[in-house]
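Engineer: Predicted structure and sequence below. I'll ask about it afterward.
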Amino acid sequence: MAPSDIVLVPGYWEGPGIWRLVVPGLEKNGFNVTTIKLLSTGTPASESPKSPSMYDDIEVIRKAVEAIVDQGKDVLLVGHSAGAFLGSHALREFTPKARKDAGKPGAVVKLAFVTGALFPPGHEHGAAPFMDVQGDKLFCKAPRDLLFNDIADDKEAQAEVDRLTFQPGFGWDGKVEYAGWTEIPSAYLICEKDACLPPPLQRQIAEAAKTSPIESCDGGHCAPITQPQAVLDFIVKVAKEA
């Protein structure tokens, strides 16, 4: 039986707006949709009481999922970019086995990743070449070229760049302690024009995580914006086959 609810997790810098062109189609297909706002996105590292960490983002996701599965509902969690490992990390309590062992209905029954960054337990994050730290803020370096290279019109691309914000300049790194894809079936959408997470690396990630199916689209890193129909079709297919 297909999950009734879909939880959408954005990556860094983009905020929940990355899903704005996909949500209406999911709702038309009858799904209840929850879009996560990461606590760290748009928050400088100096903000009191402390810099939001990846664990704070994970807790936001955990609470959102808990509120749904505790109603006895099944969930498909979809992660874009960094949202893939953040979302996966939040699900230890919500796997079908964990919920069954606890005698509770409702679980996260499937995962879907859109050019998702996935890491195994024990992985420790370090700086990446596309990161640009400016004081207490962390920006994406050259976002026009890395994130929106598949938009031909410069004005249109700049409008999307202008929607981006920043991450905390420090405190975002940490060790991956859990990965939901080790217990929950998952699927992966490779974005063939991605200049941030190259397609060969995406395929390597997808195969290492034993995702199935592995599909592809003609989009860049922000395919939910530039190829919303392809992303929508992928999510709906995964949900209906869960």
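Structural biologist: Ah, there it is. Numbers count the residues shown, from 1 in each chain.

Engineer: what bits of this structure have low per-residue confidence?
Structural biologist: 1, 47-50, 126, 172 (pLDDT under 70).

Engineer: quick one: contacts for Asp101?
Structural biologist: Taking CB atoms under 8 Å, 6 or more residues apart in numbering, we find Asp101 in contact with no residue. From N, CA and C alone the C-beta is placed, and that goes for glycine too.

Engineer: Give me the contacts around the one helix or strand Arg144 maps to.
Structural biologist: Taking DSSP states H and E as the definition, one finds Arg144 inside helix 143-146. Outside helix 143-146, the residues that touch it by CB under 8 Å, 6+ apart are 13, 130, 140, 154, 157-158, 161, 164, 195-196, 221.

Engineer: Swap in 6 Å and give it another go.
Structural biologist: 130, 157, 161, 164, 195-196 (CB atoms under 6 Å, 6 or more residues apart in numbering).

Engineer: Tell me the buried residues within those.
Structural biologist: 130, 157, 161, 164, 195-196 (16 or more other CB atoms under 10 Å).

Engineer: ok, longest helix in this protein?
Structural biologist: Longest among the helix segments of the chain by residue count, using DSSP state H, is helix 54-69.

Engineer: and that one, which residues are buried?
Structural biologist: 54-58, 60-62, 64-65, 68-69.

Engineer: coming back round to it: any idea which helix or strand comes after the helix holding Arg144?
Structural biologist: helix 154-163.

Engineer: name the helices or strands packed onto the longest helix of the chain?
Structural biologist: helix 82-89 (3 or more CB pairs under 6 Å, 6 or more residues apart in numbering; DSSP states H and E).

Engineer: 8 Å - rerun?
Structural biologist: Packing partners of helix 54-69 (3 or more CB pairs under 8 Å, 6 or more residues apart in numbering; DSSP states H and E): strand 5-9, strand 32-35, strand 75-80, helix 82-89.
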